[in-house]
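Undergrad: Have a look; sequence and predicted model below, questions after that.
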Amino acid sequence: MLRPPTPRRLRSLLAVAVVASALLVVPDGTGTTDASWTASEFGSGTLKAFKVPAPVMISPCTLSTGFAGADPVITVNWQFPAGTGYVAPANVNYYVASGGLLSNLTPVTVGSSLATTGPVNGIYTTQFKSGILSGLLGGSYGVYLQTKDGSGWVSTLATANASMGLAGINPVCTVQ
């Protein structure tokens, strides 16, 4: 035997019906579109990415310590890859880093502590001058070159590491 629904039960059933109907009317978020097409054609192509070539450091580099390590100069010979059309100083960035750590990378501009000459037969010579190493106490630094393209894109870093001991003993410079 069925009992007649109570007012409370009727309100509950009505609330469930309202929520269910609202879910049927609410859009699912995908929306509709006025445009669609079907096509059997396809296309293909080649994408070529431009990579700015890094300068090439030529071994060996040198570290001249000066008197007792007080006036160190790191000299690197380098060139742009053939056929690139790049020239210094317009297409090169110079950096140094204490201890050779990239986290200490500091830009250097041509002037009193940096000089670039050349090219001679395509080879440039750059001298990173005094103040780079810790002088009398010794130390190590990385010197870095980077090609910069007219578009604003840059290359990876070309690296040379130099070090010397106390009072300039055992100077070493290596191209990476």
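TA: Cool, the structure landed. Because the structure is predicted, anything quoted here is derived from the model rather than measured.

Undergrad: Flag the shaky bits of this structure, pLDDT-wise.
TA: 1-3, 5, 22-33, 100-101, 130-136 (pLDDT under 70).

Undergrad: which ones are touching the most centrally placed residue in it?
TA: Nearest residue to the geometric centre of the chain (CA atoms, centre = their mean): residue 156, 7.1 Å. By CB atoms under 8 Å, 6 or more residues apart in numbering, the contact list for residue 156 reads 54, 146. (C-beta placed from N, C-alpha, C; glycine too.)

Undergrad: Swap in 6 Å and give it another go.
TA: Residues near residue 156 by CB atoms under 6 Å, 6 or more residues apart in numbering: residue 54.

Undergrad: go on, residue 164?
TA: Taking CB under 6 Å, 6+ apart, one finds 65, 69, 138, 171 in contact with residue 164.

Undergrad: you'd agree the residue nearest to the centre of the chain is in a helix?
TA: No - under DSSP: H, G, I helix; E, B strand; the rest coil, residue 156 sits outside any helix and is assigned coil.

Undergrad: May I have the phi/psi pair for it?
TA: Recorded main-chain torsions at residue 156 are phi -70, psi 170, according to degrees, to the nearest 10.

Undergrad: Just the element for residue 94, please.
TA: strand 92-98 (DSSP states H and E).

Undergrad: any idea where the helices of the protein begin and end?
TA: 7-25 (DSSP state H).

Undergrad: Mind jotting down where the strands sit in it?
TA: Ranges of strands in the chain, per DSSP state E, are 56-64, 73-79, 92-98, 106-108, 114-120, 123-128, 139-147, 158-164, 172-175.

Undergrad: Turn those into JSON lines, including distance to residue 7.
TA: Compiled in JSON lines, the strands of the chain are given as follows (distance: least, CB to CB, whole Å):
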{"stretch": "strand 56-64", "distance to residue 7": "90"}
{"stretch": "strand 73-79", "distance to residue 7": "92"}
{"stretch": "strand 92-98", "distance to residue 7": "82"}
{"stretch": "strand 106-108", "distance to residue 7": "81"}
{"stretch": "strand 114-120", "distance to residue 7": "91"}
{"stretch": "strand 123-128", "distance to residue 7": "92"}
{"stretch": "strand 139-147", "distance to residue 7": "81"}
{"stretch": "strand 158-164", "distance to residue 7": "85"}
{"stretch": "strand 172-175", "distance to residue 7": "91"}
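
Undergrad: So which of these is nearest residue 35?
TA: Nearest to residue 35, of all these, is strand 139-147, at 45.6 Å by CB to CB.

Undergrad: partners of that closest one, with directions?
TA: Neighbouring strands of strand 139-147 in its sheet, by DSSP bridges, are strand 92-98 (antiparallel), strand 158-164 (antiparallel).
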